[in-house]
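*Asks:* I would like to see how this sequence folds:
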Amino acid sequence: MMLSHDREDGVAGVPATLLHAADTAIAVTAATAAILSLVLLFLSLMAEVIVRYLTTQGLGWPSEMPNILFPWLVMGGVVLAAQHGAHISVTLTLDLLGRPMARALLLAMQAVVAATFFYLTYMGFAVLEITGSEVFPVTGISSRWAYLALIAGFAGVGLTAVITFLRLLSADDPRAVRATNPEDEV
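*Replies:* Predicted coordinates for the structure are as follows:
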């Protein structure tokens with residue numbers, strides 16, 4: 001019996017359930033970060049406009065919100081793009097290769113992506129230490145929160161690459177593992 005998330009990649013049973021749960025957790029977290037950031041940005045800037053219109057004076061703190069929240073919006077989108085296989089990629093080479101060679105190329109690509117993004121995650125913690133003392137003047141919020149978005153996004157893309165790698169190992173068609181297809185949505 002194949003579960004709905006086993007459809008294209010041939011992975012079944014407990015491993016498929018665990019991979020699907022991890023994928024879902026990453027996607028939900030990224031979507032939540034992006035949506036919440038966008039809503040908070042809109043509300044804070046709307047409050048600034050309303051207060052400025054009514055009193056001719058600003059609140060001050062809404063001008064700092066884009067610096068804090070925009071990185072979360074962007075990195076949430078980056079992780080979601082990786083989750084849906086909608087990031088920039090060149091498929092001509094994959095289309096010319098047979099399944100075994102396409103699988104090997106995709107496995108190598110995911111290994112490079114995982115290594116790169118986990119390294120960026122690691123380096124992000126060093127940046128976090130350097131920027132931790134910087135504080136936004138009105139809100140008093142540490143700029144650490146904005147840089148934390150980068151670390152979270154890098155880790156999300158790295159984890160997505162690991163999950164994709166594991167799914168590629170047993171996929172019937174390696175090109176279909178992260179193929180964007182409306183029928184694939186769970």
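*Asks:* Report all helices and strands that whichever strand or helix holds Ala81 contacts.
*Replies:* Using DSSP states H and E, Ala81 maps to helix 65-83. Contacts defined by 3 or more C-beta pairs under 8 Å, 6 or more residues apart in numbering; DSSP states H and E place helix 65-83 against helix 13-55, helix 144-170. In short, each C-beta sits where N, CA and C put it, glycine included.
*Asks:* mind running it again at 10 Å?
*Replies:* Judged by 3 or more C-beta pairs under 10 Å, 6 or more residues apart in numbering; DSSP states H and E, helix 65-83 is in contact with helix 13-55, helix 99-131, helix 144-170.
*Asks:* distance between that helix and the chain's centre?
*Replies:* Its chain's average C-alpha position is 7 Å from that of helix 65-83, according to C-alpha atoms, centre = their mean, to the nearest Å.
*Asks:* Helix or strand with the lowest mean pLDDT in this protein?
*Replies:* helix 92-96 (a mean of 78; mean pLDDT, DSSP states H and E).
*Asks:* which of the residues in it are buried?
*Replies:* Leu94 (16 or more other C-beta atoms under 10 Å).
*Asks:* That helix - contacts with which helices or strands?
*Replies:* helix 99-131.
*Asks:* Please read off the pLDDT at the residue nearest the centre of the chain from the model.
*Replies:* Centrality entry for the chain: nearest residue to the mean C-alpha point is Val79, 1.4 Å, by C-alpha atoms, centre = their mean. Val79 carries a pLDDT value of 93.
*Asks:* If you count neighbours, what's buried in stretch 163-178?
*Replies:* Buried-residue list, stretch 163-178, by 16+ other C-beta under 10 Å: 163-168, 171, 174-178.
*Asks:* and the residue lying closest to Leu38 once chain neighbours are set aside, how many neighbours?
*Replies:* Spatial nearest neighbour of Leu38, excluding adjacent residues (C-beta to C-beta, 6 or more residues apart in numbering): Leu73 at 5.6 Å. By other C-beta atoms under 10 Å, 20 other residues sit near Leu73.
*Asks:* Now do Leu73 against Ala149, distance only.
*Replies:* 8 Å (C-beta to C-beta, to the nearest Å).
*Asks:* what sits in contact with each of these two?
*Replies:* Taking C-beta atoms under 10 Å, 6 or more residues apart in numbering as the contact rule, Leu73 and Ala149 both touch 33, 37.
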